[in-house]
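*Asks:* Curious how this folds, go ahead:
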Amino acid sequence: MDNYITGATIKRLREAKGVTQTQLAEQIGVSDKAVSKWETAKGLPDITLIEPLAKTLGVSVMELMSGNTVINKNISSNILRSKFYVCPVCGNVIRTTGDTVISCCGIALPPLEAEDVDEAHGVTVEKVEDEHFITVNHEMAKTHFISFIAYLTSDRVQFVKFYPEGNAETRLQLRGRGYLYIYCNKHGLMKKKI
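*Replies:* Numbering: from 1, shown residues only. So this is what the prediction gives:
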């Protein structure tokens with residue numbers, strides 16, 4: 001991880017919980033002087049205290065480490081506001097419908113920013129019976145390939161995972177208006193309004 005807990009974060013979270021330095025210290029088994037040192041940037045908590053500290057402060061370890069607490073204000077979770085995350089280590093693909101802190105393989109993942117589909121990643125959409133046949137004109141080599149296609153509308157997500165040396169084509173039911181997302185392992189996330 002690039003970040004480590006800051007004293008300002010510990011102090012802000014402690015005060016938000018309405019506990020004193022002494023109370024926090026008692027709950028995690030350290031002295032109040034240790035908590036004071038953390039909050040004044042004269043010391044850092046031991047790595048073994050990270051999880052108990054996060055639990056006591058009522059946040060996840062990732063929130064504690066990043067200093068960003070996540071409060072979900074979007075209770076209805078609009079699918080069209082989905083965010084995609086891809087782990088650079090294992091290739092895990094994660095989709096969320098709101099702000100969150102995502103970690104995979106020990107790495108904090110930022111949400112991917114989608115660009116408009118370019119000519120090099122040309123997408124063809126053809127109507128076939130009651131579905132649409134979607135083809136991405138792209139090589140599918142082991143080092144450069146389309147990893148997934150996702151089609152999002154206001155009420156559903158259709159997701160298709162691709163693998164190198166296969167074809168970047170699929171059939172999807174396109175109902176209403178939505179966005180087609182395409183992820184290239186070298187050029188990132190792209191989208192096209194349909």
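*Asks:* Identify the single longest helix in this structure, thanks.
*Replies:* In the chain, with assignment by DSSP state H, the single longest helix is helix 7-17.
*Asks:* Could you list the residues in contact with it?
*Replies:* 20-21, 24, 35, 38-41, 45, 53, 57-59, 64, 67, 69 (CB atoms under 8 Å, 6 or more residues apart in numbering). Where C-beta positions appear, they are placed from N, C-alpha and C, glycine not excepted.
*Asks:* hmm, try it at 10 Å
*Replies:* 3, 5-6, 19-21, 23-24, 27, 35-45, 53-54, 56-59, 63-69 (CB atoms under 10 Å, 6 or more residues apart in numbering).
*Asks:* Any of the residues you listed buried? List them.
*Replies:* 5-6, 19, 21, 24, 35-39, 45, 53-54, 56-57, 59, 63-67, 69 (16 or more other CB atoms under 10 Å).
*Asks:* Using CSV, write out the CA atom coordinates for stretch 30-38.
*Replies:* Only the C-alpha atoms of stretch 30-38 are listed here, as CSV (Å, rounded to 0.1, in the frame of the first residue of the first chain):
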residue,chain,number,x,y,z
VAL,A,30,-2.4,0.5,24.2
SER,A,31,-1.6,3.5,26.4
ASP,A,32,-3.3,6.9,25.9
LYS,A,33,0.2,8.3,25.3
ALA,A,34,0.5,6.0,22.3
VAL,A,35,-2.7,7.4,20.8
SER,A,36,-1.6,10.9,21.5
LYS,A,37,1.7,10.2,19.7
TRP,A,38,-0.2,8.9,16.7
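*Asks:* Would you mind pulling the contact partners of it?
*Replies:* Contacts for stretch 30-38 (CB under 10 Å, 6+ apart): 5-7, 9-11, 14, 19-26, 28, 42-46, 49, 52-53.
*Asks:* Let's see which of these end up in strands.
*Replies:* Among those, no member is found in strands (DSSP state E).
*Asks:* Looking at the residues you listed, which are in helices?
*Replies:* 7, 9-11, 14, 21-26, 28, 52-53.
*Asks:* now for these, which pair is the farthest apart?
*Replies:* Thr9 and Glu26 (20.1 Å; CB to CB).
*Asks:* neighbour count winner among these two?
*Replies:* More crowded of Thr9 and Glu26, by other CB atoms under 10 Å: Thr9, with 22 against 15.
*Asks:* The more buried one and Pro111: what is the separation?
*Replies:* In this view, Thr9 and Pro111 are 21 Å apart by CB to CB, to the nearest Å.
*Asks:* Which strands and helices lie in contact with the helix or strand of the chain with the lowest mean pLDDT?
*Replies:* The helix or strand of the chain with the lowest confidence, counting by mean pLDDT, DSSP states H and E, is helix 61-66 at a mean of 79. Under the contact criterion of 3 or more CB pairs under 10 Å, 6 or more residues apart in numbering; DSSP states H and E, helix 61-66 touches helix 7-17, helix 50-57, strand 102-104, strand 107-109.
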